[in-house]
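Asker: give me the fold of what follows.
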Amino acid sequence: MNPEALAGHEGIIANPNCSTIQLVLVLKPLEVAAGLERVVVSTYQSASGKGRSGVTELEEQVRDLAAGGEARVSAHPRQLAWNCIPHIDVFLDDGSTREEWKMVVESRKILGLPDLRLHATCVRVPVRQAHSEAVNVELRRPLSPTEARALLESAPGVVVVDEPESESYPTPLDAEGLDPTFVGRIRRDDSVAHGLGLWIVADNLLKGAALNAVQIAELLAPPD
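Answerer: Next up, the predicted model:
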């Protein structure tokens with residue numbers, strides 16, 4: 001998305017947070033076309049974001065609860081099975097979490113918009129793999145949902161799945177094990193002058209982590 005940033009590295013290149021990667025990949029084409037004023041994002045992050053221990057704990061909790069037992073908690077701050085936890089990483093002095101702070105500062109840096117107004121709420125949900133995000137974007141200039149779909153359909157690494165009349169939209173199960181970032185539910189947000197609502201889903205272990213690191217390396221040293 002921003003390969004020009006590689007020119008100035010001094011031996012260390014950051015691979016962004018998984019929740020940030022899928023967000024900025026979709027925001028960038030919209031920013032180029034219509035500018036960004038404000039972004040509000042709520043994440044639905046899978047247990048795999050906590051690592052193997054997070055997935056194992058979720059699976060064990062589901063089995064124990066289904067058998068009439070109690071859910072044992074160690075990896076996550078609260079019971080994750082049949083629950084949602086608005087707490088990822090540690091809480092900061094302003095009441096936000098470090099995960100939410102990372103989304104703000106990383107998005108500003110990657111997009112080259114140091115003053116971008118962005119508010120994030122990060123939530124762990126009882127999904128095994130792949131993160132989802134509900135995003136509201138306020139643009140500087142008008143951009144219709146039809147125009148946004150066309151832009152995103154041509155964006156590298158993005159796949160649009162957005163046919164509500166046939167109940168076609170991306171879900172974590174659809175994205176699990178796949179490389180692209182999927183976007184759907186593209187619609188107008190009339191609560192602001194030039195607003196759009198979006199739903200973004202990606203496998204946090206692939207594009208959100210390993211694949212993105214490989215793609216950065218390939219830009220530095222293209223494979224034969």
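
Asker: tell me the contacts of Ser48?
Answerer: Neighbour list for Ser48: Gly54, Val55, Arg128, Gln129, Ala130, Asn204, Leu205 [criterion: Cβ atoms under 8 Å, 6 or more residues apart in numbering]. In short, each C-beta sits where N, CA and C put it, glycine included.

Asker: contacts only, for the nearest residue to it once chain neighbours are set aside.
Answerer: Nearest-residue entry for Ser48: Gln129, 4.5 Å, with adjacent residues in sequence omitted and distances by Cβ to Cβ, 6 or more residues apart in numbering. When the contact criterion is Cβ under 8 Å, 6+ apart, the partners of Gln129 are Ser46, Ala47, Ser48, Val55, Pro172, Glu176, Gly177, Asp203, Asn204, Leu205.

Asker: so the third one: helix, strand or coil?
Answerer: The three-state assignment at Ser48 reads helix, by DSSP: H, G, I helix; E, B strand; the rest coil.

Asker: Arg38 versus that one, what's the distance?
Answerer: Distance, Ser48 to Arg38, using Cβ to Cβ, to the nearest Å: 30 Å.

Asker: likewise the last one?
Answerer: With the distance defined as Cβ to Cβ, Leu205 ends up 30 Å from Arg38.

Asker: higher neighbour count, these two?
Answerer: Taking other Cβ atoms under 10 Å, Leu205 and Arg38 do not tie; Leu205 has more neighbours (18 against 14).

Asker: which non-adjacent residue is nearest Ser154?
Answerer: Taking Cβ to Cβ, 6+ apart, and ignoring the residues beside it in sequence, Ser154 has Pro29 as its nearest neighbour in space, at 7.7 Å.

Asker: is it true that that neighbour lies in a helix?
Answerer: Yes: according to three-state DSSP, the state of Pro29 is that of a helix.

Asker: I figured it was touching Leu151, is that so?
Answerer: Yes: under the criterion of Cβ atoms under 8 Å, Pro29 is in contact with Leu151, at a separation of 4.5 Å.

Asker: next helix or strand past the helix or strand Leu23 falls within?
Answerer: With the criterion set as DSSP states H and E, the secondary-structure element containing Leu23 is helix 18-34. Beyond helix 18-34 in the direction of the C-terminus, DSSP H and E gives the next helix or strand as strand 36-45.

Asker: ok now whatever helix or strand comes next after that next one, how far from the chain's centre?
Answerer: Scanning the chain past strand 36-45 towards its C-terminal end, the next helix or strand to appear is helix 52-66 (assignment: DSSP H and E). Taking Cα atoms, centre = their mean, to the nearest Å, one finds the center of helix 52-66 at 23 Å from the center of the full chain.

Asker: that'll do, ta.
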